[in-house]
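K.L.:
A predicted structure for the sequence below; I have some questions about it.
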Amino acid sequence: MVLSGPARWVLRILAIAVLTFVYAPLALVLLNSFNASATFAWPPSGFTLDWWSAAAGNEGVRSAVLLSVEVALLATAIAVVLGTLASLALVRYEFFGRDVVSLLVLLPIALPGIVTGIALNTLFTQALGGLTFVTLVVGHATFCIVLVVNNASARLRRTNATLEEASTDLGATPWTTWRLVTFPALRGALVAGALLAFALSFDEIIVTTFTAGPGLQTLPLWILQNLFRPNQSPIVNVAAVGLVVISVLPVYLAYRLSGDSATATTK
Amino acid sequence: MTTLPAPSSWTRRVQAVLHRHPRLRLSGLLAPALLWLVLLYLVPLVLLLLTAFAETDSFTGQITWTLSADTVLDVLTTPAYLFTALRTVLVAVGVTVLCAVLALPLATYMALVAAPRRRPLLVALVVTPLWASYLVKVYAWRILLAPEGVLGGASPGYGWTAVVVTLTYLWLPYMVMPVYTGISALRGSYLEAAADLGARPWTTFRTVVLPVLKPAIAAGSVFTFSLSLGDYITVQLVGGTNQMLGNLVYANFSTDLPLAAALAVLPLIVMAAYLLTIRRTGALDRL
Amino acid sequence: MRCLSARRGLRSAAVVGALGLALAACGGGGSGSAGGAQQQAPAGEAYAGPVGQGEGKLSVLAWPGYAEDGSTDPAVDWVTPFERATGCQVSVKTFATSAEAVQLFGTGEYDVVSASGDASLRLVYGDRVQPVNTGLVPNYADIIPDLKDKPWNTVGGKNYGIPHGRGANLLLYNTAAHSTAPTSWKDMWEPGSPAAGKISPYDDGIYIADAAVYLMATQPDLKITNPYALDQRQFDAAIALLKQQKPMVSEYWADVVKQGQGLSSGALSEGQGWQLTANLANTDAPNTVGTVKPTEGATGWSDTWMVKKDTPNINCAYQWLNHVISPEVNAQIAEYFGEAPANTKSCALTKDRNHCATYHAQETDFWDNVYYWTTPTEDCLDGRTDVKCVPYDQWVRSWSELRSA
């Protein structure tokens, strides 16, 4: 290692400072979920568990979480299928217009959400007869594809194509090659990409605002509506804390499962 | 591996055809995503651009499909709109720079200093805040920054500073992750090799570190820049009376769709320019 | 039609020439135009009845708090009892501004909508809603006469909806910063105001009318009689006043919690807002926010439940109209949302006995200088025929330019 002792200490301190910056607001959210004041007056006027019990019995949160999970799962599934296929094409083949295709894949996330949102809204409402559950899933899947493509492409670029060629030369069908050679190498990257896609869809608000059918309330929409509503905003805090706590486990496990993606295959 | 059910004859035939024709294989791989993105993304974008040339009824707000360039010209010649676009770009640049500045030491620590068994935990620590609702985090900043609030006199109050800080906070993980991945590639061998070969620190940095960092930061910046460019909720909560491009688009969406569409062209142009600029770094391949 | 201004017309012509495109000429016969003298309510007949068995479902578009189904607060629920009584399964979508209401209702996915006055006429002339046969709504008889047959719910002698409730946009103030209650809007508008840097106006184009209300009182030579009927000169004066106000603004408000917090903590000194905002803030920190309707008068809202033009769920719709304005439910909504109920019998049923007094539900005089939100049209709403007034889309554009300047 070439980093000197003092440099390592400076880095350690800076890293701690940045992580503090990241977690201080979350600590405030946690604190406010026990704040007796319904409008988060500071300093807290008292300690209460009311919001936690109110949130536990709140039908609105529960159905919103369920809907968000459904949408995110469907959008992720679509993105994984389309994204995996596209990444194989983009990495393993040379073809005319490849740059254009990779730019096209990137666009839905590179262009501001509000542009994507009103563009989809215009198509669905002006030309296709209105917003539904399907339009919501379609909107989410569209910007999720890129995450799968990125993760899968990065891994494909690092894994050697010669294994696949060997498999093919030995007479394996494309499906067998995929199942026994490509997929095992790709699995971790796909999990990582899918997890990112799920997280992005789960918390997406802008495209959601413009593509959700009537009566559909994903968790972010529910939060948007209740954050600004008297006596509901503390419950929102509870929901947010709950999500962070619940998410720690899958994030950590998925990361372990996918392996340290930067090192696993570089050697 | 030998317990596979025998594939039926037609799938075998299809696979045989695919095996012999790589172009066919390529089309099969590419077509689903391409069709999806063209029909469900490019077509709506074009439709939106066309809408910018439509008119609305001044009273009912309904679209009348009479072609007119009035709205687009209005947007391109109204100083208020153009200044808003400029301010929005400045905010996005500020957020991106700040994200890079914060991400560098953290990512370097994670990749090169922290014990290897700690790395998954650190990555989880960086990624976890993404799961706390975006809205809740903005609201937390609103409370933090309130003039009579938690920070008291140290708070900059609501305004552009607050917007940049909050957006930086929100998008930081999107910068940390690619930079961390980039720096991880330097782990051990390269740096040591450079040192062994007698390279001075600056030379090492310039010839070994920089080529890795540049595309990594550029990759992260696509997210931080674009997400900042399109945001309209954060500035509503912590921006005081200020507005960004997204607010203009959003505010006009329900009353005057052609105006909203014409305004949406501005971030579109900015983002296109940005993507073209950073494409040279090769960042787009690493996203 | 737009294309009022020669400026825009000229530019358009230049582009047509330059690009050689055959763009349709400005002012050409666009369909559904409602500007100018051709403003006519679309022909349409009200449901003849009788109201029978419901169709089993109903899609409701409402202001937040108007159609609560217990999903946000299990204790606040008047949708479930309705579903049980009628068998009509209700789905609710809420909106944040009148503009959004019009846009969403235009998608045709909703059967009924709670429209404020700045949305109701746009829905009528946009041919989105049908006349309502008030005879089929038994509770209509108990509605306060002050809200019946008004320009925002009745066109050409036909009722287009059922009045729901009303409220005024009051002057809210931080009590610690005011030793005596203010009586005028002047500290929100005049330079050198002690509240400078701490004021909070409403974030919507319709707020231009608030400037007009102040000008009505302070600049009589402008001869404004209706804050929604402004000719170009009057409109420019209102915009100039708003520009003068802008440097003193802390935040334009769009949600009550946010504004209430600011007023309560002292971060805001004065704002235009709702009684509800003050009530909520005072629940948390008693007596921190005061309200007054200043001597100059105020803008306000009066909401109307309207029915989609070709709704397949007409029986459920009528049952809903009758349900929301029933004495009990109208009282519940008025208290939850914070407004004056439309049903006169509701006042006896509110949990807070003083609710109707607090909100001046029965005091007709109180509402004399409350100017309900209305959609401005080219034909001046105050009856002037010698000038054109600035129509709604120009209000919206001017507002968005002002906000982004």
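P.N.:
Structure received. Residues are numbered from 1 along each chain as shown, chains lettered A, B, ... in the order given.

K.L.:
any residues touching stretch B:174-183, and which ones?
P.N.:
Contacts to stretch B:174-183, defined as CB atoms under 8 Å, 6 or more residues apart in numbering or on different chains, come from residues A:261-262, B:96, B:99-100, B:102-104, B:106-108, B:110-112, B:123, B:126-127, B:212-213, B:215-217, B:219-221, B:223-224, B:227, B:286-287. Backbone N, C-alpha and C define where each C-beta goes, glycine included.

K.L.:
what about the strands in the stretch 1-150 of chain B?
P.N.:
Taking DSSP state E, counting those that start in this stretch, the strands of the stretch 1-150 of chain B run over residues B:55-56, B:63-64.

K.L.:
need these in TSV with mean neighbour count and mean pLDDT, can you?
P.N.:
As requested, the strands of the stretch 1-150 of chain B are exported to TSV (neighbours: other CB atoms under 10 Å in any protein chain shown; pLDDT from 0 to 100):
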stretch	mean neighbour count	mean pLDDT
strand B:55-56	24	74
strand B:63-64	20	73
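
K.L.:
For chain A, which of the ones you listed is the nearest?
P.N.:
With CB to the nearest CB as the measure, strand B:63-64 is the member of the strands of the stretch 1-150 of chain B nearest chain A (7.6 Å).

K.L.:
Direction included, what does the closest one pair against?
P.N.:
Using DSSP bridges, the strands paired with strand B:63-64 are strand B:55-56 (antiparallel).

K.L.:
Around chain C, pick out the residues from the stretch 1-150 of chain B.
P.N.:
Where the stretch 1-150 of chain B comes near chain C, counting by CB under 8 Å from any CB of the partner chain, the residues are B:55-62, B:64, B:66-70, B:73-74, B:77-78, B:80-81, B:83-84, B:142, B:146-149.

K.L.:
Which of those residues fall in helices?
P.N.:
Filtering these for membership in helices, criterion DSSP state H, returns B:Asp70, B:Leu73, B:Asp74, B:Thr77, B:Ala80, B:Tyr81, B:Phe83, B:Thr84, B:Arg142.

K.L.:
gap between the residue lying closest to C:Ile325 once chain neighbours are set aside and chain B?
P.N.:
Once its chain neighbours are removed from consideration, C:Ile325 has its nearest residue in C:Asn139; the separation is 4.9 Å (CB to CB, 6 or more residues apart in numbering or on different chains). Between C:Asn139 and chain B the distance is 30 Å, computed by CB to the nearest CB, to the nearest Å.

K.L.:
burial count for C:Asn139?
P.N.:
Residues near C:Asn139, counting by other CB atoms under 10 Å in any protein chain shown, number 20.

K.L.:
cool, C:Trp253 as well?
P.N.:
Applying the criterion other CB under 10 Å, we find 25 residues in the vicinity of C:Trp253.

K.L.:
Kindly state the beta-bridge partners for it.
P.N.:
When assigned by DSSP bridges, C:Trp253 has beta-bridge partners C:Tyr202.

K.L.:
isn't it right up against C:Gln259?
P.N.:
Yes - taking contact to mean CB atoms under 8 Å, the distance of 4.0 Å between C:Trp253 and C:Gln259 places them in contact.

K.L.:
Kindly write the PyMOL command that selects the buried subset of the residues of the stretch 1-150 of chain B next to chain C.
P.N.:
The buried subset of the residues of the stretch 1-150 of chain B next to chain C, as determined by 16 or more other CB atoms under 10 Å in any protein chain shown, is captured in PyMOL by this line:
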select buried, chain B and resi 55+56+57+58+59+60+61+62+64+66+68+69+70+73+74+78+81+84+142+146+147+149
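
K.L.:
List the contacts of the nearest residue to C:Asn369 once chain neighbours are set aside.
P.N.:
On the basis of CB to CB, 6+ apart, the spatially nearest residue to C:Asn369 that is not a chain neighbour turns out to be C:Gly297, at 3.2 Å. If you count contacts by CB under 8 Å, 6+ apart, C:Gly297 has them with C:Val213, C:Met216, C:Ala217, C:Asn369, C:Val370, C:Tyr371.

K.L.:
Against chain A, how distant is B:Val95?
P.N.:
13 Å.

K.L.:
Nearest residue to C:Thr288 in space, please, no chain neighbours.
P.N.:
Once flanking residues are discounted, C:Thr288 sits nearest to C:Ser264: 4.4 Å by CB to CB, 6+ apart.

K.L.:
For the one you found, the count of nearby residues, please.
P.N.:
The tally of other residues near C:Ser264 (other CB under 10 Å) stands at 27.

K.L.:
Also the one 10 residues further on?
P.N.:
Applying other CB under 10 Å, we find 24 residues neighbouring C:Trp274.

K.L.:
what residues are up against it?
P.N.:
Taking CB under 8 Å, 6+ apart as the contact definition, C:Trp274 lies against C:Gly167, C:Asn169, C:Leu170, C:Val256, C:Gly338, C:Glu339.

K.L.:
Name the nearest of the contacts of C:Gly297 relative to chain A.
P.N.:
For chain A, the nearest member of the contacts of C:Gly297 is C:Val370. The distance, counting by CB to the nearest CB, is 23.4 Å.

K.L.:
Backbone dihedrals for that closest one, please?
P.N.:
phi -100, psi 120 (degrees, to the nearest 10).

K.L.:
for it, which residues make a bridge with it?
P.N.:
C:Ala298.

K.L.:
so it sits right up against C:Pro294, yeah?
P.N.:
No - between C:Val370 and C:Pro294 no contact is recorded; they are 11.3 Å apart, counting by CB under 8 Å.

K.L.:
C:Asp303 belongs to a strand?
P.N.:
Yes - assigned with DSSP: H, G, I helix; E, B strand; the rest coil, C:Asp303 falls within a strand.
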